[in-house]
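> give me coordinates for this.
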Amino acid sequence: MSPNEILRQLFDTAVAAAQPDRRIPAFLPAPPKGKTVVVGAGKSAAAMARVVEQAWPKPLSGVVVTRYGHGATTQVVEVLEAAHPVPDAKGMAAAERILATVAPLGAEDLVICLISGGGSALLTLPPEGIGLDVLAELNRQLLRSGADIGEMNAVRKTLSRSSGGRLAAAAYPAQVVSLLISDVPGDDLRAIASGPTVGDTATAQDALRILQKYNLPVPAAVMNYLQKNSNPVLQPGDKRLSTTTNHLIAAPQQSLVAVAKRSQELGYTPLILGSAIEGEARQVGIVHAGIAQQATQYGQPIAPPCIILSGGETTVTVTGKAGKGGRNSEFLLSLAVALKGQKKVWAIACDTDGIDGSEDNAGAIIGPEILQQGRDRGLNASDFLAAHDSYSFFQQLDALVETGPTLTNVNDFRAILIDA
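Below you'll find the predicted structure:
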């Protein structure tokens, strides 16, 4: 296999390790005396619901919401689709449906809640007095600001009637078993989809500090709400959370371990740098380039042939008018520029959900020749990087990785292959 083929196989291994059909069955509880209702939100919600249907021994019903194009064929659980990463009216309607579905349940009933990355936008239900248009614009600004996922979700959950434990509260006193696929660095359950079944200590002041940190204007309706609701989420000790159990069923580290094993089978020594790496995508790219160059020249911290692995979620702070591209393609373009055509080094960076940002690719692949290939076509990689236009650069060189929705999501996957 060529280096590019190996890297693509490793990405496929990372995705396969987090597929719902591999992870869900072991976490399903015993059937209840009463009803079983399935609800959920996220890019994996429909695929997760299908697995539950196939594994569940008794009748069930329910409704889940996923991103447009991420649906899966189910028999009894209704699948709704809505916008991501900026919420729309269909997501708001889906949140209302899901809360209404669990509200009538009693103590002998069971809710199986399926949560994965993307749920924050898909399960958006703004408080009274805040319009969806206001919340959508705030989301757009947060996405461009450079705020990390934890900060964005801290703001989102304080401005929601469905996050920060409120979905679990709506289902009380029913038993709630929440199955979560992590797309956040550190696997903090409070941050995954803004924690609809998890209590939190986030305050209105926390949200305001984050907005001020990134110099984002606070709409009057938002300011008015936060001033009146100093503790807008459910506290961890709230009685309405006492019947809820949360299980982390898939996480970035599990995928990296599976890829490390596959790397060894292919004859490469793996090195996992970490599963929770954050920071500006282009700066993370520069750091990864330095590590790759050290390995190439000195055999440190690992000697070739090797594969350097990492996960997490970087950010992109957009300044001025931006081109097309997500955080993975921006990381990879920065890596390529910093490597300066280093021989025997190839790399892939992709989002495990199959969508890098808002484009149609999962990420891209580079090799030692990528910069020269660009120059041969009159493309200056540094110019594209400065314009946040990594997608256009890789598209013109046929270097994009296109998978379509993978129906799982354990964050970003990065692998650097170094031959001896």
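
> just the buried residues of the longest strand seen in the chain, please?
Counting residues, the longest strand in the chain under DSSP state E turns out to be strand 269-277. When neighbours are counted by 16 or more other C-beta atoms under 10 Å, the buried residues of strand 269-277 are found to be 270, 271, 272, 273, 275, 276, 277. From N, CA and C alone the C-beta is placed, and that goes for glycine too.

> the third one touches residue 306, doesn't it?
No. Applying C-beta atoms under 8 Å, one finds residue 272 not in contact with residue 306, separated by 11.4 Å.

> helices along the stretch 101-250 of the chain, start to end?
Counting by DSSP state H, counting those that start in this stretch, the stretch 101-250 of the chain has helices at residues 119-122, 132-145, 149-158, 166-171, 204-213, 220-228.

> which pair in the buried residues of strand 269-277 spans the largest distance?
The largest distance within the buried residues of strand 269-277, taken as C-beta to C-beta, falls between 270 and 276 and amounts to 17.4 Å.

> ok, back up a step: contacts for the next helix or strand after the longest strand of the chain, please.
Toward the C-terminal end, the helix or strand that comes next after strand 269-277 (DSSP states H and E) is helix 281-298. The contact list for helix 281-298, computed with C-beta atoms under 8 Å, 6 or more residues apart in numbering, reads 273, 277-278, 300-304, 306, 308, 310, 314-316, 327-328, 330-335, 337-339, 342-345, 347, 385, 414, 416, 418.

> let's go with 6 Å and repeat that
By C-beta atoms under 6 Å, 6 or more residues apart in numbering, the list of residues contacting helix 281-298 from outside reads 300, 302, 314, 316, 327, 330-331, 334-335, 338-339, 345, 416, 418.

> what about those, which are in helices?
Where the contacts of helix 281-298 overlap with helices, as defined by DSSP state H, the overlap consists of 327, 330, 331, 334, 335, 338, 339.

> next one: stretch 153-167 to chain centre, how far?
The offset between the C-alpha centroid of stretch 153-167 and the centroid of the whole chain comes to 17 Å, using C-alpha atoms, centre = their mean, to the nearest Å.

> re the thing from before, most neighbours among the ones in helices among the contacts of helix 281-298, which one is it?
Each of the ones in helices among the contacts of helix 281-298 was scored by neighbour count (other C-beta atoms under 10 Å); the top score is that of residue 331, with 32 neighbours.

> hang on, it packs against residue 351?
No. The pair residue 331 / residue 351 is not scored as a contact, 10.7 Å apart, by C-beta atoms under 6 Å.

> take the ones in helices among the contacts of helix 281-298 and lay them out in TSV including distance to residue 47.
Putting these into TSV (distance: C-beta to C-beta, whole Å) gives the following:
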residue	distance to residue 47
327	23
330	28
331	26
334	32
335	31
338	37
339	36
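
> name the nearest of those residues relative to residue 356.
Each of the ones in helices among the contacts of helix 281-298 was scored against residue 356 by C-beta to C-beta, and residue 327 proved nearest at 7.0 Å.

> and the closest one, what's its pLDDT?
Each residue has a pLDDT score; the one for residue 327 is 96.

> which residue sits closest to residue 19, ignoring its sequence neighbours?
Computed as C-beta to C-beta, 6 or more residues apart in numbering, the closest residue to residue 19 that is not its neighbour in sequence is residue 408, at 5.4 Å.

> which SS state does that neighbour fall under?
Going by DSSP: H, G, I helix; E, B strand; the rest coil, the secondary structure assigned to residue 408 is coil.

> doesn't residue 356 belong to a strand?
No. Counting by three-state DSSP, residue 356 is not found in a strand; it is coil.

> picking that back up, which one of the helices of the stretch 101-250 of the chain is the most hemmed in?
Stretch with highest mean neighbour count among these: helix 119-122 (a mean of 32; mean count of other C-beta atoms under 10 Å).

> and that one, what does it pack against?
Secondary-structure packing of helix 119-122 (3 or more C-beta pairs under 6 Å, 6 or more residues apart in numbering; DSSP states H and E): no helix or strand packs against it.

> from the chain's centroid, how far away is it?
Helix 119-122 has its C-alpha centroid displaced from the chain centroid by 10 Å (C-alpha atoms, centre = their mean).

> how about the strands in this structure?
With DSSP E applied, the chain shows strands at 36-41, 61-67, 77-82, 110-115, 175-181, 244-250, 269-277, 306-312, 345-351, 363-366, 400-401, 412-418, listed in chain order.
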